[in-house]
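Engineer: return a 3D structure for these sequence lines:
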Amino acid sequence: MRNIVTIAVHDLRLTLSDRGAIIWILLLPIVFATFFGLVMGAGSSPADATASLVVVDLDGSVVSQSLIKDLAGEGVSVTELTPEERSTNPDIVRTLVIPESFGEHVLAGEQQTVRFEKEPDTSAEAALVAQARVVAAIARTIGRLVVASADVEDGAMIPADLFSAVDVSPDLVTVETRLAGRATVIPGGFAQSIPGMAVMFVMLIALTYGAASISAERVSGNLRRLATAPVSRGEIVAGKICGRFVVSFFQITILMIVGLIAHWTLGIFIGDHPFQMWLVLLLFATAVAPLGVALGGWIQDPDRAASVGVILTMVMAAFGGCWWPLEFVSKPLKTLALAFPSGWAMRTLHGVVSFGQTLGEMRLNLLALIVFGVVFGILASRSLRVD
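Structural biologist: From the prediction side, this is the model:
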(Lines give C-alpha, C1' and ligand atoms only; values in the text may rest on other atoms or scores of the structure.)
Protein backbone atom coordinates (compact mmCIF):
# COMPACT_ATOMS: atom_id res chain seq x y z
CA MET A 1 0.00 0.00 0.00
CA ARG A 2 2.88 2.35 0.79
CA ASN A 3 4.35 1.85 -2.67
CA ILE A 4 0.97 2.62 -4.29
CA VAL A 5 0.64 5.87 -2.35
CA THR A 6 4.23 6.87 -3.18
CA ILE A 7 3.65 6.35 -6.91
CA ALA A 8 0.34 8.25 -6.79
CA VAL A 9 1.81 11.24 -4.92
CA HIS A 10 4.75 11.33 -7.35
CA ASP A 11 2.35 11.50 -10.31
CA LEU A 12 0.42 14.34 -8.63
CA ARG A 13 3.64 16.31 -8.17
CA LEU A 14 4.61 15.82 -11.81
CA THR A 15 1.20 16.97 -13.00
CA LEU A 16 1.10 20.04 -10.76
CA SER A 17 4.60 21.04 -11.87
CA ASP A 18 3.21 21.58 -15.38
CA ARG A 19 1.71 25.10 -15.67
CA GLY A 20 -0.32 24.07 -18.68
CA ALA A 21 -1.89 21.27 -16.67
CA ILE A 22 -2.91 23.72 -13.93
CA ILE A 23 -4.71 25.84 -16.52
CA TRP A 24 -6.62 22.84 -17.85
CA ILE A 25 -7.32 21.43 -14.40
CA LEU A 26 -8.57 24.59 -12.66
CA LEU A 27 -8.86 27.70 -14.82
CA LEU A 28 -10.60 26.46 -17.96
CA PRO A 29 -13.35 24.49 -16.16
CA ILE A 30 -14.32 27.67 -14.28
CA VAL A 31 -14.25 29.77 -17.46
CA PHE A 32 -16.30 27.27 -19.47
CA ALA A 33 -18.82 26.68 -16.66
CA THR A 34 -19.31 30.44 -16.24
CA PHE A 35 -19.69 31.08 -19.97
CA PHE A 36 -22.17 28.27 -20.63
CA GLY A 37 -24.03 29.00 -17.39
CA LEU A 38 -24.67 32.57 -18.52
CA VAL A 39 -25.51 31.52 -22.08
CA MET A 40 -27.97 28.79 -21.07
CA GLY A 41 -29.93 30.90 -18.61
CA ALA A 42 -30.08 32.12 -15.04
CA GLY A 43 -28.29 30.13 -12.39
CA SER A 44 -30.98 30.06 -9.75
CA SER A 45 -33.07 27.43 -8.13
CA PRO A 46 -36.51 26.81 -9.72
CA ALA A 47 -38.03 27.41 -6.31
CA ASP A 48 -36.50 30.89 -6.24
CA ALA A 49 -37.66 31.96 -9.72
CA THR A 50 -39.15 35.44 -9.99
CA ALA A 51 -41.96 36.00 -12.48
CA SER A 52 -43.33 39.12 -14.10
CA LEU A 53 -47.09 39.05 -14.70
CA VAL A 54 -49.14 41.52 -16.73
CA VAL A 55 -52.83 41.75 -15.85
CA VAL A 56 -55.43 43.00 -18.33
CA ASP A 57 -58.59 43.81 -16.39
CA LEU A 58 -61.52 44.01 -18.81
CA ASP A 59 -63.96 44.18 -15.89
CA GLY A 60 -62.69 46.90 -13.56
CA SER A 61 -64.99 45.80 -10.73
CA VAL A 62 -64.33 45.56 -7.02
CA VAL A 63 -63.95 41.79 -7.39
CA SER A 64 -61.39 41.97 -10.21
CA GLN A 65 -59.37 44.64 -8.41
CA SER A 66 -59.40 42.52 -5.26
CA LEU A 67 -58.08 39.60 -7.30
CA ILE A 68 -55.29 41.75 -8.77
CA LYS A 69 -54.31 42.97 -5.30
CA ASP A 70 -53.96 39.40 -4.11
CA LEU A 71 -51.77 38.47 -7.10
CA ALA A 72 -48.86 40.59 -5.95
CA GLY A 73 -46.62 38.72 -3.57
CA GLU A 74 -43.34 36.92 -3.10
CA GLY A 75 -41.80 35.86 -6.41
CA VAL A 76 -44.23 37.77 -8.64
CA SER A 77 -44.12 41.30 -10.02
CA VAL A 78 -47.59 42.42 -11.19
CA THR A 79 -48.20 45.16 -13.77
CA GLU A 80 -51.73 46.19 -14.77
CA LEU A 81 -52.13 47.32 -18.38
CA THR A 82 -55.00 48.22 -20.65
CA PRO A 83 -55.58 46.12 -23.80
CA GLU A 84 -54.12 48.94 -25.89
CA GLU A 85 -50.97 49.15 -23.76
CA ARG A 86 -50.56 45.40 -23.95
CA SER A 87 -50.78 45.34 -27.74
CA THR A 88 -47.98 47.91 -28.07
CA ASN A 89 -45.61 46.25 -25.59
CA PRO A 90 -43.50 43.51 -27.25
CA ASP A 91 -41.70 42.50 -24.04
CA ILE A 92 -44.69 40.92 -22.30
CA VAL A 93 -44.21 37.18 -21.69
CA ARG A 94 -47.05 36.30 -19.27
CA THR A 95 -50.53 37.79 -19.12
CA LEU A 96 -53.62 37.18 -17.01
CA VAL A 97 -56.82 38.36 -18.71
CA ILE A 98 -59.87 39.03 -16.52
CA PRO A 99 -63.03 38.95 -18.68
CA GLU A 100 -65.78 41.55 -18.85
CA SER A 101 -68.58 41.33 -16.27
CA PHE A 102 -66.32 39.11 -14.18
CA GLY A 103 -67.31 40.69 -10.86
CA GLU A 104 -71.02 40.71 -11.64
CA HIS A 105 -71.07 37.00 -12.47
CA VAL A 106 -68.89 36.07 -9.51
CA LEU A 107 -71.13 37.93 -7.03
CA ALA A 108 -74.11 36.16 -8.60
CA GLY A 109 -72.47 32.82 -7.88
CA GLU A 110 -71.74 31.99 -11.51
CA GLN A 111 -68.55 30.19 -12.56
CA GLN A 112 -66.01 32.37 -14.35
CA THR A 113 -62.79 31.70 -16.26
CA VAL A 114 -59.68 33.86 -16.22
CA ARG A 115 -57.20 33.33 -19.05
CA PHE A 116 -53.48 32.83 -18.37
CA GLU A 117 -51.35 33.38 -21.48
CA LYS A 118 -47.61 32.97 -21.91
CA GLU A 119 -45.27 33.30 -24.84
CA PRO A 120 -43.45 30.20 -26.17
CA ASP A 121 -39.89 29.55 -24.97
CA THR A 122 -40.31 31.62 -21.80
CA SER A 123 -39.03 30.50 -18.42
CA ALA A 124 -40.96 27.44 -17.27
CA GLU A 125 -39.92 28.07 -13.65
CA ALA A 126 -41.25 31.64 -13.69
CA ALA A 127 -44.49 30.48 -15.32
CA LEU A 128 -45.01 27.95 -12.53
CA VAL A 129 -44.49 30.66 -9.91
CA ALA A 130 -46.97 32.98 -11.64
CA GLN A 131 -49.57 30.23 -11.95
CA ALA A 132 -49.18 29.42 -8.28
CA ARG A 133 -49.83 33.06 -7.38
CA VAL A 134 -52.95 33.07 -9.59
CA VAL A 135 -54.26 29.99 -7.77
CA ALA A 136 -53.54 31.65 -4.43
CA ALA A 137 -55.40 34.83 -5.44
CA ILE A 138 -58.39 32.83 -6.67
CA ALA A 139 -58.46 30.92 -3.39
CA ARG A 140 -58.57 34.16 -1.41
CA THR A 141 -61.35 35.48 -3.66
CA ILE A 142 -63.34 32.32 -3.00
CA GLY A 143 -62.71 32.83 0.71
CA ARG A 144 -64.22 36.30 0.52
CA LEU A 145 -67.25 34.89 -1.28
CA VAL A 146 -67.74 32.25 1.40
CA VAL A 147 -67.59 34.81 4.20
CA ALA A 148 -69.80 37.35 2.38
CA SER A 149 -72.41 34.75 1.41
CA ALA A 150 -73.03 34.02 5.10
CA ASP A 151 -74.53 37.52 5.49
CA VAL A 152 -77.01 37.39 2.59
CA GLU A 153 -80.22 35.50 2.10
CA ASP A 154 -80.30 32.30 0.08
CA GLY A 155 -80.41 33.00 -3.66
CA ALA A 156 -79.65 36.69 -3.22
CA MET A 157 -76.75 38.40 -4.98
CA ILE A 158 -73.79 39.40 -2.80
CA PRO A 159 -73.46 43.21 -2.69
CA ALA A 160 -70.13 44.49 -4.00
CA ASP A 161 -69.62 46.72 -0.98
CA LEU A 162 -70.08 43.72 1.33
CA PHE A 163 -67.56 41.68 -0.68
CA SER A 164 -64.96 44.44 -0.61
CA ALA A 165 -65.37 44.91 3.14
CA VAL A 166 -64.55 41.28 3.89
CA ASP A 167 -60.98 40.80 5.12
CA VAL A 168 -59.67 37.31 4.48
CA SER A 169 -56.80 36.91 6.88
CA PRO A 170 -53.93 34.48 6.16
CA ASP A 171 -55.34 32.22 8.88
CA LEU A 172 -58.57 31.81 6.92
CA VAL A 173 -57.13 31.11 3.49
CA THR A 174 -53.48 30.12 3.13
CA VAL A 175 -51.93 28.78 -0.06
CA GLU A 176 -48.41 27.38 0.21
CA THR A 177 -46.51 26.67 -3.02
CA ARG A 178 -43.34 24.60 -3.36
CA LEU A 179 -41.77 22.04 -5.65
CA ALA A 180 -43.21 18.62 -4.90
CA GLY A 181 -39.92 16.79 -4.38
CA ARG A 182 -38.62 16.97 -7.95
CA ALA A 183 -38.52 19.70 -10.55
CA THR A 184 -40.10 18.85 -13.89
CA VAL A 185 -38.16 21.44 -15.83
CA ILE A 186 -35.10 20.77 -17.98
CA PRO A 187 -31.93 21.76 -16.07
CA GLY A 188 -30.41 24.95 -17.43
CA GLY A 189 -28.00 27.71 -16.56
CA PHE A 190 -25.42 26.85 -13.94
CA ALA A 191 -27.46 23.79 -12.90
CA GLN A 192 -26.36 22.31 -16.26
CA SER A 193 -23.01 23.98 -16.92
CA ILE A 194 -21.33 23.33 -13.55
CA PRO A 195 -21.94 19.54 -13.46
CA GLY A 196 -21.37 19.28 -17.22
CA MET A 197 -18.04 21.10 -17.30
CA ALA A 198 -16.84 19.36 -14.13
CA VAL A 199 -17.50 15.94 -15.66
CA MET A 200 -15.95 16.89 -19.00
CA PHE A 201 -12.73 18.33 -17.56
CA VAL A 202 -12.28 15.47 -15.10
CA MET A 203 -12.44 13.14 -18.14
CA LEU A 204 -10.17 15.39 -20.16
CA ILE A 205 -7.40 15.43 -17.56
CA ALA A 206 -7.69 11.71 -16.81
CA LEU A 207 -7.70 10.63 -20.46
CA THR A 208 -5.21 13.12 -21.93
CA TYR A 209 -2.63 13.79 -19.22
CA GLY A 210 -3.15 10.30 -17.83
CA ALA A 211 -2.66 8.52 -21.16
CA ALA A 212 0.17 10.81 -22.33
CA SER A 213 2.14 10.50 -19.08
CA ILE A 214 1.88 6.71 -19.02
CA SER A 215 2.89 6.49 -22.67
CA ALA A 216 5.83 8.87 -22.10
CA GLU A 217 7.04 6.81 -19.14
CA ARG A 218 6.97 3.68 -21.28
CA VAL A 219 8.95 5.35 -24.08
CA SER A 220 11.52 6.90 -21.70
CA GLY A 221 12.03 3.64 -19.84
CA ASN A 222 10.82 4.98 -16.47
CA LEU A 223 8.39 2.10 -16.09
CA ARG A 224 11.16 -0.42 -16.72
CA ARG A 225 13.34 1.23 -14.11
CA LEU A 226 10.43 1.29 -11.70
CA ALA A 227 9.96 -2.43 -12.29
CA THR A 228 13.51 -3.08 -11.04
CA ALA A 229 12.60 -1.56 -7.65
CA PRO A 230 11.13 -3.70 -4.83
CA VAL A 231 7.59 -3.14 -6.06
CA SER A 232 5.21 -5.58 -7.76
CA ARG A 233 3.59 -5.08 -11.15
CA GLY A 234 0.19 -4.90 -9.48
CA GLU A 235 1.40 -2.10 -7.21
CA ILE A 236 2.71 -0.18 -10.22
CA VAL A 237 -0.60 -0.47 -12.07
CA ALA A 238 -2.59 0.42 -8.92
CA GLY A 239 -0.24 3.32 -8.20
CA LYS A 240 -0.68 4.76 -11.69
CA ILE A 241 -4.47 4.46 -11.43
CA CYS A 242 -4.43 6.07 -7.98
CA GLY A 243 -2.19 8.81 -9.36
CA ARG A 244 -4.87 9.71 -11.92
CA PHE A 245 -7.48 9.62 -9.18
CA VAL A 246 -5.45 11.82 -6.83
CA VAL A 247 -5.12 14.45 -9.58
CA SER A 248 -8.89 14.29 -10.12
CA PHE A 249 -9.49 14.49 -6.37
CA PHE A 250 -7.42 17.67 -6.21
CA GLN A 251 -9.22 19.10 -9.24
CA ILE A 252 -12.75 18.26 -8.05
CA THR A 253 -12.16 19.53 -4.51
CA ILE A 254 -10.81 22.89 -5.67
CA LEU A 255 -13.63 23.32 -8.18
CA MET A 256 -16.24 22.53 -5.52
CA ILE A 257 -14.69 25.08 -3.17
CA VAL A 258 -14.85 27.69 -5.94
CA GLY A 259 -18.48 26.70 -6.59
CA LEU A 260 -19.38 27.11 -2.92
CA ILE A 261 -17.72 30.53 -2.78
CA ALA A 262 -19.65 31.58 -5.92
CA HIS A 263 -22.86 30.29 -4.34
CA TRP A 264 -22.32 32.19 -1.08
CA THR A 265 -21.15 35.45 -2.66
CA LEU A 266 -22.97 35.60 -6.01
CA GLY A 267 -25.95 33.36 -5.39
CA ILE A 268 -25.00 30.95 -8.20
CA PHE A 269 -27.15 27.84 -7.97
CA ILE A 270 -25.24 24.59 -7.30
CA GLY A 271 -28.05 22.67 -5.63
CA ASP A 272 -28.84 22.03 -2.01
CA HIS A 273 -26.42 19.12 -1.54
CA PRO A 274 -22.90 20.13 -2.65
CA PHE A 275 -21.32 17.35 -0.55
CA GLN A 276 -23.29 14.71 -2.45
CA MET A 277 -22.28 16.39 -5.71
CA TRP A 278 -18.64 16.15 -4.62
CA LEU A 279 -19.03 12.44 -3.82
CA VAL A 280 -20.59 11.72 -7.22
CA LEU A 281 -17.75 13.48 -9.02
CA LEU A 282 -15.19 11.51 -7.00
CA LEU A 283 -16.91 8.25 -7.89
CA PHE A 284 -16.90 9.31 -11.53
CA ALA A 285 -13.17 10.06 -11.27
CA THR A 286 -12.67 6.56 -9.87
CA ALA A 287 -14.44 5.17 -12.94
CA VAL A 288 -12.46 7.06 -15.61
CA ALA A 289 -8.99 7.11 -14.00
CA PRO A 290 -8.20 3.52 -15.07
CA LEU A 291 -9.23 4.31 -18.65
CA GLY A 292 -6.46 6.90 -18.94
CA VAL A 293 -3.94 4.33 -17.75
CA ALA A 294 -5.32 1.78 -20.23
CA LEU A 295 -4.93 4.23 -23.12
CA GLY A 296 -1.35 4.92 -22.13
CA GLY A 297 -0.71 1.18 -22.05
CA TRP A 298 -2.13 0.64 -25.52
CA ILE A 299 -0.59 3.64 -27.32
CA GLN A 300 3.16 4.18 -27.30
CA ASP A 301 3.33 7.68 -28.79
CA PRO A 302 2.46 10.26 -26.05
CA ASP A 303 1.03 12.80 -28.52
CA ARG A 304 -1.18 10.20 -30.13
CA ALA A 305 -2.30 8.97 -26.73
CA ALA A 306 -3.28 12.52 -25.74
CA SER A 307 -5.13 13.00 -29.04
CA VAL A 308 -7.11 9.79 -28.57
CA GLY A 309 -7.90 10.95 -25.03
CA VAL A 310 -9.27 14.26 -26.35
CA ILE A 311 -11.43 12.49 -28.95
CA LEU A 312 -12.84 10.05 -26.38
CA THR A 313 -13.52 12.93 -23.99
CA MET A 314 -15.42 14.92 -26.60
CA VAL A 315 -17.49 11.89 -27.64
CA MET A 316 -18.39 10.96 -24.07
CA ALA A 317 -19.07 14.60 -23.15
CA ALA A 318 -21.41 15.11 -26.11
CA PHE A 319 -23.37 11.88 -25.78
CA GLY A 320 -23.19 11.89 -21.98
CA GLY A 321 -25.01 15.20 -21.58
CA CYS A 322 -22.15 17.50 -20.58
CA TRP A 323 -22.94 20.04 -23.31
CA TRP A 324 -26.74 19.93 -23.16
CA PRO A 325 -29.27 18.35 -20.77
CA LEU A 326 -30.09 14.70 -21.47
CA GLU A 327 -33.70 15.59 -20.68
CA PHE A 328 -33.70 17.59 -23.92
CA VAL A 329 -32.63 14.82 -26.33
CA SER A 330 -34.61 11.99 -27.92
CA LYS A 331 -35.15 8.64 -26.23
CA PRO A 332 -32.57 6.77 -28.38
CA LEU A 333 -29.89 9.31 -27.44
CA LYS A 334 -30.87 9.02 -23.78
CA THR A 335 -30.35 5.28 -24.05
CA LEU A 336 -27.03 5.76 -25.86
CA ALA A 337 -25.82 8.02 -23.03
CA LEU A 338 -25.94 5.02 -20.69
CA ALA A 339 -23.13 3.42 -22.70
CA PHE A 340 -20.73 6.00 -21.24
CA PRO A 341 -19.77 6.73 -17.63
CA SER A 342 -20.38 10.42 -18.34
CA GLY A 343 -24.05 9.69 -19.03
CA TRP A 344 -24.52 7.97 -15.67
CA ALA A 345 -22.59 10.74 -13.91
CA MET A 346 -24.72 13.49 -15.46
CA ARG A 347 -27.96 11.66 -14.65
CA THR A 348 -26.82 11.37 -11.05
CA LEU A 349 -25.65 14.97 -10.79
CA HIS A 350 -28.90 16.30 -12.26
CA GLY A 351 -30.76 14.19 -9.73
CA VAL A 352 -28.77 15.76 -6.88
CA VAL A 353 -28.64 19.34 -8.18
CA SER A 354 -31.96 19.86 -9.99
CA PHE A 355 -34.41 17.11 -9.05
CA GLY A 356 -34.01 16.84 -5.26
CA GLN A 357 -33.00 13.17 -5.28
CA THR A 358 -30.69 11.55 -2.75
CA LEU A 359 -27.80 9.21 -3.46
CA GLY A 360 -29.78 6.40 -1.90
CA GLU A 361 -32.47 6.84 -4.54
CA MET A 362 -29.83 6.67 -7.29
CA ARG A 363 -28.12 3.46 -6.19
CA LEU A 364 -28.32 2.04 -9.71
CA ASN A 365 -26.48 5.05 -11.14
CA LEU A 366 -23.71 4.75 -8.56
CA LEU A 367 -23.44 1.01 -9.15
CA ALA A 368 -23.07 1.64 -12.88
CA LEU A 369 -20.12 3.97 -12.26
CA ILE A 370 -18.51 1.33 -10.04
CA VAL A 371 -18.93 -1.26 -12.80
CA PHE A 372 -17.27 1.08 -15.31
CA GLY A 373 -14.38 1.55 -12.88
CA VAL A 374 -13.93 -2.20 -12.44
CA VAL A 375 -14.03 -2.87 -16.20
CA PHE A 376 -11.59 -0.06 -17.00
CA GLY A 377 -9.35 -1.23 -14.14
CA ILE A 378 -9.16 -4.73 -15.65
CA LEU A 379 -8.32 -3.21 -19.04
CA ALA A 380 -5.59 -1.08 -17.46
CA SER A 381 -4.02 -4.03 -15.66
CA ARG A 382 -3.90 -6.04 -18.89
CA SER A 383 -2.67 -3.25 -21.16
CA LEU A 384 0.04 -1.64 -19.01
CA ARG A 385 3.39 -3.36 -19.55
CA VAL A 386 6.20 -2.38 -17.21
CA ASP A 387 8.94 -4.70 -18.53
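
Engineer: contact partners for the residue minimising distance to the centre of the chain?
Structural biologist: By Cα atoms, centre = their mean, the chain has its centre lying nearest to residue 191, at 2.7 Å. Listed by Cβ atoms under 8 Å, 6 or more residues apart in numbering, the contact partners of residue 191 are 43, 269-271, 350, 353-354. In short, each C-beta sits where N, CA and C put it, glycine included.

Engineer: who touches stretch 246-264?
Structural biologist: 8-9, 11-12, 15-16, 25-26, 29-30, 194, 198, 201-202, 205-206, 209-210, 268-270, 274, 277-278, 281-282, 285, 288-289.

Engineer: if you set the cut-off to 7 Å instead, what comes out?
Structural biologist: Under the contact criterion Cβ atoms under 7 Å, 6 or more residues apart in numbering, stretch 246-264 has outside partners 8-9, 11-12, 15, 25-26, 29-30, 194, 198, 202, 205-206, 268, 270, 274, 278, 281-282, 285, 289.

Engineer: out of those, which end up buried?
Structural biologist: 8, 11-12, 15, 25-26, 29-30, 194, 198, 202, 205-206, 268, 270, 274, 278, 281-282, 285, 289 (16 or more other Cβ atoms under 10 Å).

Engineer: show me those that map onto helices.
Structural biologist: Applying DSSP state H to those, the entries found in helices are 8, 11-12, 15, 29-30, 194, 198, 202, 274, 278, 281-282, 285, 289.

Engineer: in this structure, which spans are strands?
Structural biologist: Assigned by DSSP state E, the strands in the chain fall at 51-57, 76-81, 94-98, 115-118.

Engineer: so which of those strands gets nearest residue 345?
Structural biologist: Evaluated over those, closeness to residue 345 peaks at strand 51-57, with 32.4 Å, by Cβ to Cβ.

Engineer: angle of the closest one against strand 76-81?
Structural biologist: 30 degrees (axes from the mean of the first three to the mean of the last three Cα atoms, to 10 degrees).

Engineer: quick one: the helices in the stretch 151-300 of the chain, in order.
Structural biologist: With DSSP state H, counting those that start in this stretch applied, the stretch 151-300 of the chain shows helices at 160-165, 190-204, 210-220, 222-227, 233-266, 274-298, listed in chain order.

Engineer: list the contacts for residue 294?
Structural biologist: 376, 379-380, 383.

Engineer: the residues you listed in helices, which ones?
Structural biologist: Checked against DSSP H, those include these in helices: 376, 379-380, 383.

Engineer: thinking again about what came up before, can you put the contacts of residue 191 in CSV and add pLDDT and distance to residue 36?
Structural biologist: Shown next, in CSV, are the contacts of residue 191 (pLDDT from 0 to 100; distance: Cβ to Cβ, whole Å):
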residue, pLDDT, distance to residue 36
43, 43, 10
269, 75, 14
270, 78, 14
271, 75, 17
350, 86, 15
353, 82, 15
354, 77, 15
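
Engineer: max pairwise distance over the residues you listed: which two?
Structural biologist: 43 and 350, at 14.5 Å, using Cβ to Cβ across those.

Engineer: low-confidence bits of the chain, can you list those?
Structural biologist: Residues of the chain meeting the criterion pLDDT under 70: 40-50, 73-75, 121-125, 150-157, 162, 165-188, 227, 386-387.

Engineer: domain ranges for it, per the record?
Structural biologist: Per automatic domain parsing, the domain ranges recorded for the chain read 2-43+188-383, 47-165.

Engineer: how far does the longest one stretch from start to finish?
Structural biologist: The straight-line separation of the ends of domain 2-43+188-383 (Cα to Cα, to the nearest Å) is 23 Å.

Engineer: how far is that domain from where the chain is centred?
Structural biologist: How far domain 2-43+188-383 lies from its chain's middle: 18 Å, per Cα atoms, centre = their mean, to the nearest Å.

Engineer: ok, now how distant is residue 240 from residue 297?
Structural biologist: Between residue 240 and residue 297 the computed distance is 9 Å (Cβ to Cβ, to the nearest Å).

Engineer: the two: who's more crowded?
Structural biologist: Set residue 240 next to residue 297 and count neighbours by other Cβ atoms under 10 Å: residue 240 wins out with 29 against 24.

Engineer: is it true that that one touches residue 293?
Structural biologist: Yes. Between residue 240 and residue 293 there is a contact at 5.0 Å, judged by Cβ atoms under 7 Å.

Engineer: between these two, what contacts are shared?
Structural biologist: Residues touching both residue 240 and residue 293 by Cβ under 7 Å, 6+ apart: 214, 384.

Engineer: re the thing from before, for the ones in helices among the contacts of residue 294, which entry has the maximal number of neighbours?
Structural biologist: Neighbour-wise, the ones in helices among the contacts of residue 294 (other Cβ under 10 Å) top out at residue 380, 26 neighbours.

Engineer: so who does that residue touch?
Structural biologist: Contacts of residue 380 by Cβ under 7 Å, 6+ apart are 237, 241, 290, 293-294, 297.

Engineer: now for the nearest residue to residue 384 once chain neighbours are set aside: which residues touch it?
Structural biologist: Leaving aside its chain neighbours, residue 384 sits nearest to residue 297 (3.7 Å; criterion: Cβ to Cβ, 6 or more residues apart in numbering). Neighbouring residues of residue 297 by Cβ under 7 Å, 6+ apart: 214, 380, 383-385.

Engineer: export the residues you listed to JSON lines and tack on distance to residue 135?
Structural biologist: Listed next are these as JSON lines, based on distance: Cβ to Cβ, whole Å:
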{"residue": "214", "distance to residue 135": "60"}
{"residue": "380", "distance to residue 135": "56"}
{"residue": "383", "distance to residue 135": "60"}
{"residue": "384", "distance to residue 135": "62"}
{"residue": "385", "distance to residue 135": "67"}
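
Engineer: looking at those residues, which is nearest residue 118?
Structural biologist: residue 380 (52.4 Å).

Engineer: what's the burial count for residue 252?
Structural biologist: Residue 252 has 24 neighbouring residues, counting by other Cβ under 10 Å.

Engineer: most surrounded residue in the contacts of residue 191?
Structural biologist: Neighbour max across the contacts of residue 191 (other Cβ under 10 Å) = residue 353, 26 neighbours.
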